[in-house]
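> this is a predicted model, with the sequence first.
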Amino acid sequence: MSIAESSKKRSPESAGKRAAVDVGGTFTDVFILDADGNKSVAKVPSTNNPIDAVMNGLEVAEVDWHDVELFTHGTTTATNALITRSFPAVAMVTTNGFRDVLEIGRGTREDPWDAYKESAPCYIRRRDRLTVTERVDYSGRVIEPLNETEAREVARVLRKRGVATVAVCFANAYANGQNELRMAEILAEELGEGVAITTSHEVHPEIFEDERFSTTVANPLLKVANHLTQGCVRKASAHNEWLWTLPTIHRLFARYACLSSAIRERTN
């Protein structure tokens with residue numbers, strides 16, 4: 001369906017509406033702005049599946065999808081997931097010797113003389129941070145290719161533990177992601193469909209391991225935000241095929257779902 005064909009379905013008095021939705025832990029708020037500058041709002045309880053609350057809010061606001069030319073949303077769902085640690089079983093695969101980077105960080109502390117002050121626990125338990133033999137130097141030269149025997153053994157362990165998503169974080173992968181990509185391929189082969197695999201050189205190709213590893217780990221943990229975005233698109237398209245093809249909508253969701261490093265993921 002073309003934009004021209006779809007635009008015929010709009011009523012003149014409601015054409016050009018813009019809908020913005022904020023999904024919170026308790027309430028979901030909807031803000032509507034029409035072509036004449038008139039504003040309206042609606043508030044509904046949030047639901048276990050955030051997409052249902054979005055659709056309920058738009059229904060209460062009496063919005064017809066055929067009249068929407070721009071849809072945007074924000075959410076604290078991902079932040080709440082990190083705070084409450086409500087996320088799926090996740091694991092990390094890293095280079096031998098780098099298993100504890102998430103705990104060590106950059107070695108800075110609020111009080112440098114207090115060696116006993118405990119910090120917040122890592123989002124991934126140490127038992128779920130597995131290592132393999134591989135090495136890339138600072139310039140991106142592969143010193144040691146990925147040991148595929150070890151990689152498949154790691155995949156076997158993760159499959160047995162039933163992890164839902166895996167972060168692959170190799171040393172110096174920002175300079176060359178070849179070994180990470182091969183590890184991701186092996187994990188995809190061994191773990192089967194439905195397991196999300198994230199590589200650090202795709203999410204955050206920066207030099208420092210702490211920043212790159214922690215950002216990459218956050219990606220699978222925050223995939224709930226990506227699912228909300230994809231779900232909104234699917235729901236919207238079910239009501240209005242034209243909403244898929246409108247350039248503004250397409251660019252908006254493509255940037256949010258694919259270019260934002262905190263939610264970028266590789267799913268086989």
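Thanks, I have it. As the structure is a prediction and not an experimental result, all values here were calculated from the model. Residues are numbered from 1 along each chain as shown.
> list the contacts of residue 148.
182, 186 (C-beta atoms under 8 Å, 6 or more residues apart in numbering). (Each C-beta comes from the backbone N, C-alpha and C, glycine too.)
> and the helix or strand hosting residue 30, what does it pack against?
Element membership for residue 30 (DSSP states H and E) is strand 27-33. Counting contacts by 3 or more C-beta pairs under 8 Å, 6 or more residues apart in numbering; DSSP states H and E, strand 27-33 is packed against strand 17-23, strand 39-45, helix 50-60.
> indicate which one of the ones you listed is closest to residue 31.
Shortest distance between residue 31 and the helices and strands packed on strand 27-33, using C-beta to C-beta, is found for strand 17-23: 4.5 Å.
> what lies in contact with the closest one?
28-35, 46, 50, 53-54, 57-58, 61, 63, 67-77, 228, 232.
> ok, the spatially closest residue to residue 85 that is not a sequence neighbour - contacts?
Excluding the flanking residues, the one nearest residue 85 by C-beta to C-beta, 6 or more residues apart in numbering is residue 123, at 7.1 Å. The contact partners of residue 123, by C-beta under 8 Å, 6+ apart, come to 82, 85, 87, 90, 102, 217, 218, 221.
> rerun at 10 Å
Residues near residue 123 by C-beta atoms under 10 Å, 6 or more residues apart in numbering: 82, 85, 87, 90, 92, 102, 167, 214, 217, 218, 220, 221.
> SS state for the first one?
Right, the one you point to is residue 82. Assigned with DSSP: H, G, I helix; E, B strand; the rest coil, residue 82 falls in the helix class.
> pull up the gap between it and residue 185, please.
29 Å (C-beta to C-beta, to the nearest Å).
> now do the strands in the stretch 151-268 of the chain.
Under the criterion DSSP state E, counting those that start in this stretch, the stretch 151-268 of the chain contains strands at 165-169, 196-199, 266-267.
> let me see the backbone angles for the nearest residue to residue 132 once chain neighbours are set aside.
Of all residues beyond its chain neighbours, the one nearest residue 132 is residue 150 (4.5 Å), with distances taken as C-beta to C-beta, 6+ apart. The phi/psi pair for residue 150 (degrees, to the nearest 10) reads phi -60, psi -40.
> sorry, back to before: with distance to residue 114 and mean pLDDT as extra columns, can I get the helices and strands packed on strand 27-33 in JSON lines?
Below are the helices and strands packed on strand 27-33 laid out as JSON lines (distance: least, C-beta to C-beta, whole Å; pLDDT from 0 to 100):
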{"stretch": "strand 17-23", "distance to residue 114": "39", "mean pLDDT": "86"}
{"stretch": "strand 39-45", "distance to residue 114": "44", "mean pLDDT": "92"}
{"stretch": "helix 50-60", "distance to residue 114": "40", "mean pLDDT": "85"}
